[in-house]
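Q: Here is my input, please return the structure:
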Amino acid sequence: MTIIRWNPDRAASNRDMDRLLDSFFTRSFAPSQSPALTLAVDVAETPEAFIFRADLPGLDPKDVKVKMDGDTLTIRGERRREESLNSGRYHRTERAFGAFERTFTLKTAVLGDRIEARYQLGVLEVHVPKAEAAKAREIEVQVG
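A: Numbering: from 1, shown residues only. From the prediction side, this is the model:
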């Protein structure tokens, strides 16, 4: 009989491998809870405006609200779960649904009455124009 020295690192790696194999072979196709719906937003700034872009595929524009309150822009909405499945049953549901909301505080004066929001091809684009006082301007240096 050969004696093998006990190595705690090897024991840990064996347990990790056992867990990996167990999770692979006991994987279920039962419906799972959908992850929370989060709104990913790209924010860009030009000299004239802030531009917010959010991917909202399959959403009805009536389910999206854009609100400017003081210096805070809020984008909120809701993706509703599809309930109609004529025949059969779901094995897995991974698409997120539910209410979402993102809030952005702008530290620059903006023209709240000229904000535009457009929804096209699943992308919401919000243009928030800056106030004249907030726009960068070049100041000519005078020779004395």
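Q: okay, now the closest residue to residue 122 other than its chain neighbours: neighbour count?
A: Among residues not flanking residue 122 along the chain, residue 57 sits closest, at 3.7 Å (C-beta to C-beta, 6 or more residues apart in numbering). C-beta: built from backbone N, CA, C; applies to glycine. Using other C-beta atoms under 10 Å, residue 57 is surrounded by 9 other residues.
Q: Could you do the one 10 residues further on as well?
A: When neighbours are defined as other C-beta under 10 Å, residue 67 has 12 of them.
Q: what stretches of this structure score poorly on pLDDT?
A: Along the chain, the parts satisfying pLDDT under 70 run over 1-13, 20-36, 84-86, 134.
Q: quick one, helices of it?
A: Taking DSSP state H as the test, the helices found in the chain are 8-25.
Q: Go ahead and flag the most central residue of it.
A: Nearest residue to the geometric centre of the chain (C-alpha atoms, centre = their mean): residue 40, 2.3 Å.
Q: where does residue 68 sit relative to residue 138, distance-wise?
A: Distance, residue 68 to residue 138, by C-beta to C-beta, to the nearest Å: 29 Å.
Q: quick one, which of these two is more surrounded?
A: residue 68 (17 against 5).
Q: Report the beta-bridge partners for that one.
A: Here residue 68 sits in beta bridges with residue 73, going by DSSP bridges.
Q: Please tell me I have it right and it contacts residue 128.
A: Yes - contact criterion C-beta atoms under 8 Å: residue 68 and residue 128 qualify, at 7.3 Å.
Q: quick one: common contacting residues for these two?
A: The contact sets of residue 68 and residue 128 overlap at 110, 115 (C-beta atoms under 8 Å, 6 or more residues apart in numbering).
Q: okay, now residue 126: neighbour count?
A: 22.
Q: Could you find the closest non-adjacent residue to it?
A: Closest to residue 126 by C-beta to C-beta, 6+ apart is residue 52, at 4.3 Å.
Q: is it true that the one you found touches residue 118?
A: No - using C-beta under 8 Å, residue 52 is not in contact with residue 118; the gap is 11.1 Å.
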